[in-house]
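*Asks:* Below are the sequence and a predicted model; questions follow.
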Amino acid sequence: MSTATKPSAPGAGAGQGSGSEPIKAIPARHPGRWVATVLVLAFVVVFLLAISTNKNFEWGIVGQYFTTSAILRGLLVTIELTVIAMVIGVVLGVVLAVMRLSPVPVISGSSWVYIWFFRGTPVLVQLLFWFYIAALTGPHPALGLPLTHFHHFVYHLDANRLITPFTAAIFGLGLNEGAYMAEIVRAGILSVDEGQTEAAQSLGMTRLKTMRLVVLPQAMRVIIPPTGNETISMLKTSSLASTISLLELTGTAEQIFARTFQTVPLLIVASLWYLAVTSVLTAGQFYVERHYARGHLRTLPPTPIQRLRAIFTKNVTTFHAGVPPPPAVPGGERR
């Protein structure tokens, strides 16, 4: 009894001594990509030449003021204001988010009212309110026991000395940021599966311990990206503090060009410093996001160094040609 054999498929047995030639894969052509690349590069070159050769920008004056002591002091105040306001906003946001999710109506309602008020009023108005708070409380407000006549318990404050422009900016920016961070943290908490909370409570963990050890660590993957955006936004929003006579970066630049009438160069100096600090914050945000994505992604996004390294290797060419990428190593990174 003879057995029928099926004809082999074209190219079968290639590279196995059958005598047939191996298949040569030809990558698909993408002329549109090259055209778009040339157009973008041409636009970038023309733009850089235009701003570098325009005499109205006065780049010599920009270089003269870029590292002056006054500008650097203003930059330091801006960074301090951003860090302190964000710390207040993050801590306050976590507390308000936990309160908002509380089953107690008074606690959740008070958190909602706080968020409603500070998100519903402009930051500039809040800064001005704290700066002129002495007009509301008086120059010497008193602290004591309410509804009593024991004057020896009363302590008088000096509002004008206590609320400086820097303090008013911290209160205005920090308390306002707390309302936005509360919604960010609440969204992160709600993104965690309820089974995690139920499993922790079945082990006898309290609600606060469950929140601290189980829910919040998993919610960080959702919380970190908008928090990074809020930090960058806070860096730029701190320029509003110049309206209450605080000499941060923008206020210092305004003070200098009000005296020298060199408005455009000083604004360029401030903009370049904002871009530099924003670039550092953006890089930090990327690595923090990458750290908290380890338990959720099979393959971590490549770092900028890995991207540059891949440009000069054949891995990019083979990947776009249809060859699968190299296997992942333990820890989520590719070799």
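*Replies:* Right, received. Where do you want to start? Numbers count the residues shown, from 1 in each chain.
*Asks:* hey, which helix is longest across this protein?
*Replies:* Criterion DSSP state H: the longest helix present in the chain is helix 69-100.
*Asks:* now that helix: mean pLDDT?
*Replies:* Averaging pLDDT along helix 69-100 yields 95.
*Asks:* Poorly predicted segments of the stretch 101-250 of the chain, please.
*Replies:* Applying pLDDT under 70 to the stretch 101-250 of the chain picks out residues 134-161.
*Asks:* at 90 what do you get?
*Replies:* Within the stretch 101-250 of the chain, the stretches with pLDDT under 90 are 101-103, 130-165, 189-222, 245.
*Asks:* could you pull out the helices for it?
*Replies:* Using DSSP state H, counting those that start in this stretch, the helices of the stretch 101-250 of the chain run over 105-120, 123-131, 134-137, 159-162, 165-190, 194-202, 207-210, 216-237, 249-260.
*Asks:* tell me, what residue is most central in the chain?
*Replies:* By Cα atoms, centre = their mean, the chain has its centre lying nearest to residue 228, at 1.5 Å.
*Asks:* And that residue, how close does it get to residue 222?
*Replies:* 12 Å (Cβ to Cβ, to the nearest Å). For every residue, glycine as well, the C-beta is placed using N, CA and C.
*Asks:* And residue 106, by the same measure?
*Replies:* For residue 106, the distance to residue 222 (Cβ to Cβ) stands at 28 Å.
*Asks:* who has more neighbours, these two?
*Replies:* Just comparing residue 106 and residue 222: by other Cβ atoms under 10 Å the higher neighbour count belongs to residue 222, 19 against 9.
*Asks:* Chain neighbours aside, what residue packs nearest to that one?
*Replies:* Spatial nearest neighbour of residue 222, chain neighbours left out: residue 188 (4.1 Å); criterion: Cβ to Cβ, 6 or more residues apart in numbering.
*Asks:* ok, now residue 267?
*Replies:* Spatial nearest neighbour of residue 267, chain neighbours left out: residue 253 (6.4 Å); criterion: Cβ to Cβ, 6+ apart.
*Asks:* so what's the one you found up against?
*Replies:* 71, 74, 266, 267, 269, 270 (Cβ atoms under 8 Å, 6 or more residues apart in numbering).
*Asks:* Check which helices and strands the longest helix of the chain sits against.
*Replies:* Contact partners of helix 69-100 among helices and strands, from 3 or more Cβ pairs under 8 Å, 6 or more residues apart in numbering; DSSP states H and E: helix 105-120, helix 165-190, helix 216-237, helix 249-260, helix 263-292.
*Asks:* which of those sits most buried?
*Replies:* helix 165-190 (a mean of 21; mean count of other Cβ atoms under 10 Å).
*Asks:* relative to helix 216-237, how tilted is that one?
*Replies:* Angle of helix 165-190 versus helix 216-237, following axes from the mean of the first three to the mean of the last three Cα atoms, to 10 degrees, is 150 degrees.
*Asks:* Surely residue 256 touches residue 66?
*Replies:* No: at 11.9 Å, residue 256 does not count as touching residue 66 under the criterion of Cβ atoms under 8 Å.
*Asks:* quick one: residue 285 from residue 218, how far?
*Replies:* 19 Å.
*Asks:* For residue 21, grab phi and psi.
*Replies:* phi -80, psi 140 (degrees, to the nearest 10).
*Asks:* For stretch 94-103, C-alpha coordinates in PDB please.
*Replies:* Extracted C-alpha coordinates of stretch 94-103, given in PDB (Å, rounded to 0.1, in the frame of the first residue of the first chain):
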ATOM      1  CA  VAL A  94      -3.900  62.600  49.500                       C
ATOM      2  CA  VAL A  95      -5.700  63.600  52.600                       C
ATOM      3  CA  LEU A  96      -8.600  65.200  50.700                       C
ATOM      4  CA  ALA A  97      -8.900  62.200  48.400                       C
ATOM      5  CA  VAL A  98      -9.100  59.800  51.300                       C
ATOM      6  CA  MET A  99     -11.600  62.100  53.000                       C
ATOM      7  CA  ARG A 100     -13.600  62.300  49.700                       C
ATOM      8  CA  LEU A 101     -13.900  58.500  49.600                       C
ATOM      9  CA  SER A 102     -14.900  58.200  53.300                       C
ATOM     10  CA  PRO A 103     -18.300  56.700  54.100                       C
END
